[in-house]
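# Here is my input, please return the structure:
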Amino acid sequence: MKLLTKLALGAGTLIAVKGLDNRLEVTRYELKFDTLPLEFDGFRITHISDLHSENTPGLTEEVSFTKPDIIVVTGDMIHDDNRSFEPVLALFERLLAIAPVYIVSGNHDLWNSRFDAFLAVAGDMGVVFCDDTLSIISRGEAQIGIFGIKDPFSKSPAVIRKNIEHSLSELPDFNGFKCLLFHRANQFELLRGMNFDLILSGHMHGGQMRIPGVGGVISPKTNFIDSRKIFFPTYCSGAFKYRATTMIVNRGIGNPMLVPRLFNRPEIGVITLKCNNTHI
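Modelled structure (predicted):
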């Protein structure tokens with residue numbers, strides 16, 4: 001019994017130390033596309049998500065080390081009205097010294113009554129707000145398109161679908177490589193046939209508690225009302241491909257839930273775009 005007790009205590013300590021490790025983790029992807037102009041071969045996007053108004057030590061330094069061409073933030077930058085958004089604005093100021101910053105809304109952003117005030121200050125700083133818009137990045141005569149979609153939050157799955165369809169209808173045409181910033185990875189089925197080359201998302205918090213070798217355990221509670229899969233969600237972390245579309249899901253930075261992140265370190269994603277070999 002003493003041996004079993006010691007083993008149990010040892011296992012518990014290991015889980016606590018490893019499972020609750022909250023150091024930033026950098027996940028790197030190198031993705032090849034037929035549609036990427038040669039001028040953008042090696043273009044690097046640093047992807048963060050779900051800050052939830054939290055001030056994360058070392059985030060700016062880690063982003064700087066990734067040497068991004070652009071930085072994107074896929075929603076839930078701020079949290080509810082009880083949390084200050086000043087730490088996020090201070091972060092944006094530091095990030096803008098590294099590279100241009102592009103953002104889209106998440107559900108918590110839209111719930112915050114001061115979101116418009118937050119956007120006004122961020123916009124004055126030079127942050128590009130991408131909800132239902134197209135931003136074009138040029139290198140010489142070559143271009144790529146950075147699209148964004150407003151978070152479609154509703155208590156009705158039908159309205160969520162309708163909101164996404166409306167946002168898509170607002171986007172202008174663009175003939176070239178298309179990257180979409182969209183908060184909700186769990187809505188991939190509604191977007192994967194829309195001819196985007198790359199979709200960058202968050203929202204899922206990596207499944208909050210992760211089982212090594214299995215994946216994330218639970219979706220954000222907003223899934224309870226949109227009838228999506230709650231336990232062991234499919235699109236909670238990593239890369240997913242459908243035909244010519246690749247989606248990268250970021251596990252996020254902050255933690256708005258009472259349940260701790262377990263085996264789920266906060267994440268910075270680094271996506272390096274490469275031309276398919278047939279173009280080189």
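# give the contact list for the residue most central in space within the chain.
Averaging the C-alpha coordinates of the chain gives a centre point, and the residue nearest to it by CA atoms, centre = their mean is Gly202 (3.4 Å). Taking CB atoms under 8 Å, 6 or more residues apart in numbering as the contact definition, Gly202 lies against 49-50, 74-76, 106, 183, 185, 249-252. Placement of C-beta: from N, CA and C, glycine included.
# mind putting these in TSV, neighbour count included?
Conversion of the contacts of Gly202 to TSV gives the following (neighbours: other CB atoms under 10 Å):
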residue	neighbour count
Ser49	32
Asp50	29
Thr74	33
Gly75	30
Asp76	28
Gly106	31
His183	31
Ala185	27
Val249	31
Asn250	28
Arg251	26
Gly252	29
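# Which of those residues sits closest to Arg265?
The nearest member of those to Arg265, counting by CB to CB, is Arg251 at 7.6 Å.
# from memory that closest one sits against Gln208, does it?
No. Taking contact to mean CB atoms under 8 Å, the distance of 9.4 Å between Arg251 and Gln208 leaves them out of contact.
# who touches both of these two?
In terms of CB under 8 Å, 6+ apart, Arg251 and Gln208 are both contacted by the residues Asn264.
# returning to what we had before: make a markdown table from the contacts of Gly202 and add distance to Gly213 and pLDDT to it.
Compiled in a markdown table, the contacts of Gly202 are given as follows (distance: CB to CB, whole Å; pLDDT from 0 to 100):
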| residue | distance to Gly213 | pLDDT |
| --- | --- | --- |
| Ser49 | 24 | 98 |
| Asp50 | 24 | 96 |
| Thr74 | 26 | 98 |
| Gly75 | 28 | 96 |
| Asp76 | 28 | 96 |
| Gly106 | 29 | 97 |
| His183 | 28 | 98 |
| Ala185 | 21 | 96 |
| Val249 | 18 | 98 |
| Asn250 | 21 | 98 |
| Arg251 | 16 | 96 |
| Gly252 | 21 | 95 |
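# want to throw the residues you listed into a markdown table with secondary structure and distance to Cys130?
As requested, those are arranged in a markdown table below (DSSP: H, G, I helix; E, B strand; the rest coil; distance: CB to CB, whole Å):
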| residue | secondary structure | distance to Cys130 |
| --- | --- | --- |
| Ser49 | coil | 14 |
| Asp50 | coil | 16 |
| Thr74 | strand | 10 |
| Gly75 | coil | 10 |
| Asp76 | coil | 15 |
| Gly106 | coil | 12 |
| His183 | strand | 11 |
| Ala185 | helix | 17 |
| Val249 | strand | 18 |
| Asn250 | coil | 16 |
| Arg251 | coil | 21 |
| Gly252 | coil | 18 |
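# Distance check, the closest residue to Met194 other than its chain neighbours against Lys162.
Take Met194 and drop its neighbours on the chain: the residue closest to it by CB to CB, 6 or more residues apart in numbering is Leu168, 6.4 Å away. Spatial separation of Leu168 from Lys162 under the definition CB to CB, to the nearest Å is 11 Å.
# now swap in Pro87 and tell me
34 Å.
# which stretches of this structure aren't confidently modelled?
In the prediction, the chain carries residues with pLDDT under 70 at positions 1-18, 221-229, 277-280.
# again, only using 50
Counting by pLDDT under 50, the chain has low-confidence residues at 3-14, 16, 222-227, 279-280.
# Sketch out the strands for it, chain order is fine.
Along the chain, counting by DSSP state E, strands occupy 25-33, 44-48, 70-74, 101-104, 128-129, 133-139, 142-148, 177-184, 198-202, 210-211, 215-216, 238-242, 245-249, 267-275.
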